[in-house]
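[1] have a look at this prediction, sequence included:
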Amino acid sequence: MSDHEPRNGTVVVGVSPTSGSPAALRWGADEAKRRGTDLVALSAWRPPRPPMAPGGRPPGVTYDAEEAVGEARERLAEQVRATLGEGVQVFTEIVHGSTFRVLLQASETAEMLVLDAPSRLELPEGPTLARRLIYSAECPVVIMPPKTLG
């Protein structure tokens, strides 16, 4: 893994903090190698909402955003290592914002976005992240079929 700035024209893999997006990471790594371009593992991050104290007031708990971002960064690096091992050069990025906004912004300079399909079949009403990105992204979007997630 690397901390250097990736070049434009990268293969960007949206990595879910919960699943680690293993199928998307594997496919994205193979595709980046085939194209001779950089691989970026990208995860969106937002600070967790603190629990409310009785009476609807925020609790008297302090929150260290830098520490939380550091933990998210380490979790992403761990997920990438667990899936791809140590021998693959991957740029890892944690970006503050909603998953849709972060991936849409990444699509402006990426050659392609790669995502795992949602792991649940009982999806809520409304457009899914994948569907929204397919129609909004500035680059091709590859969605790994659910059967590859196992």
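    Everything's here; your move.
[2] which intervals of this protein have sub-threshold pLDDT?
    1-8, 48-63, 119-127, 148-150 (pLDDT under 70).
[3] all strands for it, in order.
    10-14, 39-45, 91-96, 110-116, 141-144 (DSSP state E).
[4] and Leu76, what does it touch?
    When contacts are counted by CB atoms under 8 Å, 6 or more residues apart in numbering, Leu76 touches 15, 17, 41, 43, 92, 94. Using the backbone N, CA and C atoms, a C-beta is placed for each residue, glycine as well.
[5] which one of those residues is nearest Val80?
    Ala41 (4.9 Å; CB to CB).
[6] spit out the contact partners of the closest one.
    Ala41 makes contact with 13, 15, 25, 28, 76, 79-80, 90-93, according to CB under 8 Å, 6+ apart.
[7] for the residues you listed, pick the one with the most neighbours.
    Most neighbours among the contacts of Ala41, by other CB atoms under 10 Å: Val13, with 34 neighbours.
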